[in-house]
Each structure stands twice: as structure tokens, then as C-alpha cells.
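need a 3D model of the following:
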Amino acid sequence: MSSDPDERFHLTLTATGRRTMQGWWRSEMVARRKFVAWVGSYGALPDARITLVDEETGLVLATWPT
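Numbers count the residues shown, from 1 in each chain. Modelled structure (predicted):
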């Protein structure tokens, strides 16, 4: 888990079993907006999976598909 507050909320996109894209944000609100945007932009990729994790607590905050 990251101790850098700028990297607290980690968003990952995997497609066809490989990590394709990732990003980190300080703000949970911003990260959740990015999550929704990524689902809209990349959700149709083959075997797409999008995950938002709070790196401070280790909790998975959102996944797509659910």
C-alpha cells in the first residue's frame, strides 16, 4: 500500500488479462468520477475489468463489471 497521499486512490483497467491503464488520485471524489468515465470509455474492451482501491486501507471501493 502507498503512503503517498497523492497516490491513495488507485484505479486500474485490465483487458484480456493484462493491466492496460492505471491512475492514482488524492481525492476519492475525483477517483470515483474517473471510474465512471473509464467504464464509459473502456468498458467495451474484451474482458475489461476496472477496479478502484483505497491504497491506505486496502479496500476495494468499486469494480466493473460487478
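
what segments of the chain are helices?
28-42 (DSSP state H).

any stretches of it with poor pLDDT?
1-3 (pLDDT under 70).

center of it - which residue?
With distances taken as Cα atoms, centre = their mean, residue 11 lies nearest the centre of the chain, 1.9 Å away.

roughly how far does it sit from residue 23?
5 Å (Cβ to Cβ, to the nearest Å). In this view, the C-beta of every residue, glycine as well, is placed from N, C-alpha and C.

mutual contacts of those two, please.
residue 34 (Cβ atoms under 8 Å, 6 or more residues apart in numbering).

rewinding a little: hmm, residue 22 and the residue nearest to the centre of the chain touching each other?
Yes - in terms of Cβ atoms under 8 Å, residue 11 counts as a neighbour of residue 22; the distance is 6.4 Å.

residues in contact with the residue nearest to the centre of the chain?
22-25, 31, 34-35, 38, 50-53.

which among those gets closest to residue 62?
residue 52 (4.3 Å; Cβ to Cβ).

buried residues in stretch 54-66?
Neighbour counts using 16 or more other Cβ atoms under 10 Å place 55, 61, 64 of stretch 54-66 among the buried residues.

in strands, which of those fall?
61, 64 (DSSP state E).

using TSV, lay out the buried residues of stretch 54-66 together with distance to residue 18.
TSV is the format used below for those (distance: Cβ to Cβ, whole Å):
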residue	distance to residue 18
55	21
61	22
64	17
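
coming back round to it: can you turn the buried part of the contacts of residue 11 into a ChimeraX selection?
Buried members of the contacts of residue 11, defined by 16+ other Cβ under 10 Å, are picked up in ChimeraX with:
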select :23,24,25,31,34,35,38,50,51,52,53
